[in-house]
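*Asks:* what follows is a predicted protein model with its sequence.
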Amino acid sequence: MPARQPSLWVPLRYFIVAQGAFLTALFWAPFHVSDLLDFYYQGHDLALTHLLTLGWITMTIMGASFQLVPVALETTLYSERMARWQFWLMLVGITAMVGHFWIGRHPGMAWGAALVLLAVILFLINMGRTLWRLARWDVIAMHVAAALAYLTATAVLGNLMALDKIYDFLGGQVLRTIHAHAHLAGIGWITMMIFGAGYKLIPMFSLSELGEERLPHWEFWALNIGLFGLFWSLLFQSVWVVFFALLVSLAIGLFLWKIRKVLRTRRRPRLDWGLRHAVSAMIYLGMVTILGTWLATGWVPGDEFGARLAFGYGFLALFGWVSVMIIGMMYKIIPFLVWHHRYSDLVGLRPVPLATQFLGEAVPRVGFWLLHAGIVITVGGLILESSVGIQAGTIGLSLAGVSFGVSLIRIYRHLIPRLTPLPEANTAEA
Amino acid sequence: MMARKTVGSGARFRPVLDTKVSELLKAYPEMIEVLARFNKHFELLRRPVLRKLMTPLVTIEKAARTAQVDPREMLAEIYRAIGEPVPPEWGTSDPPTEAPTAPMPEDLWNLPDDQRLILDVREQVRAGEEPYHRIMQAVGALKGTQVLQLCNIFEPVPLYDVLEQRGFAHWTERRGPEEWWVTFYRPARPLENASTSSTSQAAPAAAEAPLVVDARGLEPPQPMARILEALPKIEAGGQLLAMTDRRPMLLYPKLEDRGFKYATAETANGWFETRIWK
């Protein structure tokens, strides 16, 4: 039985909302420099963080999962209807969460978090049933399954934290719980998923091969054991945190090493803009890892500077590593999705454009450099507590957001035949 | 038909077989990576002195012969690396003996592992020993429909005739610079081949060669586009053989929509072959 790609709107609505959330966050930042100069544990920053982690990152990964998991693992999505329900639960849940974080109303935030948890459970069931049908489990499926487990754990913990704000039953220090929650999400859900997808997509887009799967397997176990230990040692402030941070670093090093090998054996020397974003994101990943390991040692000059460093670390992880990687992957995935929907039925019947032509060159190039300048300057500003730096950096990021938005519009307009007519009229007359 | 001169259409430099390696590397310095994949000796070209010394003398054709590869295959690989479409006439014109990437013969599809006898003589050959005796012993030990998979550091062309006289056909794959895999098998007789597929009645497979679309080394969705574009060229009763890097999951619904039937097999060295017919 052939595996069918789910219909266009199943992944697309996730992508559009995610991109809307990302652009909102980028355009929001330059007007709230004072929030970014503040300690990171405060309502506005938490609202921004969840707008990014849930609205932008998680929505994108969910949409991409619906599009890619069935194709990559050669199976069919268990339920499209469930994916539609999940979308609305996510949308309402995230809006409620972010909004109530912003105005500092805990019950409303908890209510939103509960909806997100419900959506996550639907996602877990849908993906779980899809994976369940697999005849053969490879290292990619293992990453996807683990990421789903960590997403659920993150959402459960997040809900407990939300309820704790109202009923105060968790005890202990809230910052530790936050650090554990953040790493569970950042490493367990997001990075695990990107690693799994990366093993499939980077060879595919760079025209290379993954080759033997020994390193990815080692990476998988090191990352899982490292994260498990890291979570508990962050939660209980154990000295073991350094050991587990090093184990996670080892896993990340293995991933980067493997991808380096993949890219060195690629058949097309020129990297396109999608892959350039991906490669630069992996450089940030290396920097984030070093910064995180440094923070784990606790050898920082003063608590105040440690907190600034932690803010910079979180920002670099969310923007430098995850967002840049996602932008790169979106530049590959969305043209494919749009091409497939609009043109695949016409191939062979009339001339159609290539998917690689949708994006163009100039706009993503400008966006690429604006994005990097914005990230580097903002991180510097955050760590050194410089309002000028943060202001300049966030303006750079907003401009990068404009370029990302323009690129997306150029791709999406192919969905509207009126805007992108085919040259069919000429051939019909000839 | 093949162009023997450099085709310079517009700004893009398009190498041909007579193009000097030096010209190629001048236009596309990154092609060293591509050449190095064919033969590790080309790694030497990374050193500027050696590059200056050697490459003005050597054409792509000569370089390919040195690396023991089909020159057109090397050129096709270079074109893929540049991102130019590979002219179709380079794909399939050769008989299987000369084209190392000929599609897997139908007889070898779905061959269970216990039907393969694998003989790797690379170490022996590298040590300067003569593997002929060992190979013939292995051939003698084949039972029934078993096949021999021979791995050698070069293509063992003289062996083809010897084993053909014993009724063996062969299928050759080059998996690496010094890794040639040749499968020797007894081709199926029409009466033995009572499989369910209707195409098996076309027993002399060579007489009715299918239309081949090599969509490997292309970024999605290009493989799908290439294959769909070729569908109208399938003649009545004919079939199309599409080679892809991945199982073409998204192609299947499109084929069904257009009223085609298909079957996909994974070849031993990783790519997929999909036969498409009405």
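*Replies:* That came through, no problem.
*Asks:* low-confidence bits of the chain, can you list those?
*Replies:* Going with chain A. When residues are selected by pLDDT under 70, those of chain A lie in A:1-5, A:424-430.
*Asks:* actually it's chain B I care about, not the one you picked
*Replies:* Applying pLDDT under 70 to chain B flags residues B:1-12, B:40-41, B:44, B:47-50, B:52-57, B:87-101, B:128, B:189-209, B:268-269.
*Asks:* could you chop it up by domain?
*Replies:* In the assignment given by automatic domain parsing, the structural domains of chain B cover B:21-89, B:106-185, B:201-277.
*Asks:* pull up the distance across the second one, start to finish.
*Replies:* Put plainly, it is domain B:106-185. Domain B:106-185 has an end-to-end distance of 11 Å (criterion: C-alpha to C-alpha, to the nearest Å).
*Asks:* next one: it to chain centre, how far?
*Replies:* Averaged C-alpha coordinates place domain B:106-185 at 17 Å from its chain's average position (C-alpha atoms, centre = their mean, to the nearest Å).
*Asks:* please see if it touches chain A.
*Replies:* No: looking at domain B:106-185 against chain A by C-beta under 8 Å from any C-beta of the partner chain, there are no contacts, and the closest approach is 11.7 Å. Yep, even glycine has a C-beta here, placed from its N, CA and C like the rest.
*Asks:* coming back round to it: ok, which of the domains of chain B comes nearest residue A:191?
*Replies:* Go through those one by one with C-beta to C-beta and the one that ends up closest to residue A:191 is domain B:201-277, at 24.6 Å.
*Asks:* any part of the closest one near chain A?
*Replies:* Yes: contact between domain B:201-277 and chain A, assessed by C-beta under 8 Å from any C-beta, occurs at B:217-222, B:224-225, B:228-232, B:245-247, B:249-250, B:252-254, B:256-257, B:270.
*Asks:* not counting sequence-adjacent ones, nearest residue to residue A:142?
*Replies:* In this structure, residue A:142 finds its nearest non-sequential neighbour in residue A:220, 5.7 Å apart by C-beta to C-beta, 6 or more residues apart in numbering or on different chains.
*Asks:* show me the contacts for that neighbour.
*Replies:* Residues in contact with residue A:220 (C-beta atoms under 8 Å, 6 or more residues apart in numbering or on different chains) are A:139, A:142-143, A:146, A:195, A:251.
*Asks:* which one of the residues you listed is nearest to residue A:104?
*Replies:* Proximity to residue A:104 was ranked across these by C-beta to C-beta; first place goes to residue A:146, at 34.6 Å.
*Asks:* re the thing from before, so which of the contacts of residue A:220 belong to helices?
*Replies:* Among those, the members found in helices (DSSP state H) are A:139, A:142-143, A:146, A:195, A:251.
*Asks:* nearest to chain B, of those residues?
*Replies:* Out of those, the one with the shortest distance to chain B is residue A:139. That distance is 16.1 Å, counting by C-beta to the nearest C-beta.
*Asks:* now do the contacts for that closest one.
*Replies:* Counted by C-beta under 8 Å, 6+ apart, residue A:139 has contacts A:196, A:199, A:213, A:216-217, A:220.
*Asks:* can I get these in TSV including secondary structure?
*Replies:* Listed next are the contacts of residue A:139 as TSV, based on DSSP: H, G, I helix; E, B strand; the rest coil:
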residue	secondary structure
A:196	helix
A:199	helix
A:213	coil
A:216	helix
A:217	helix
A:220	helix
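*Asks:* buried only: go through these for me.
*Replies:* Among these, those classed as buried by neighbour count (16 or more other C-beta atoms under 10 Å in any protein chain shown) are A:196, A:199, A:213, A:216, A:220.
*Asks:* how many residues are close by the residue in the stretch 101-250 of chain B that chain A sits nearest to?
*Replies:* Taking C-beta to the nearest C-beta as the measure, the stretch 101-250 of chain B has residue B:228 as its residue closest to chain A, at 4.0 Å. Residue neighbour count, defined by other C-beta atoms under 10 Å in any protein chain shown, stands at 26 for residue B:228.
*Asks:* and it, that's in a helix?
*Replies:* Yes: Residue B:228 sits within a helix when classified using three-state DSSP.
*Asks:* wait, doesn't it sit right on residue A:347?
*Replies:* Yes: counting by C-beta atoms under 8 Å, residue B:228 touches residue A:347, with 4.0 Å between them.
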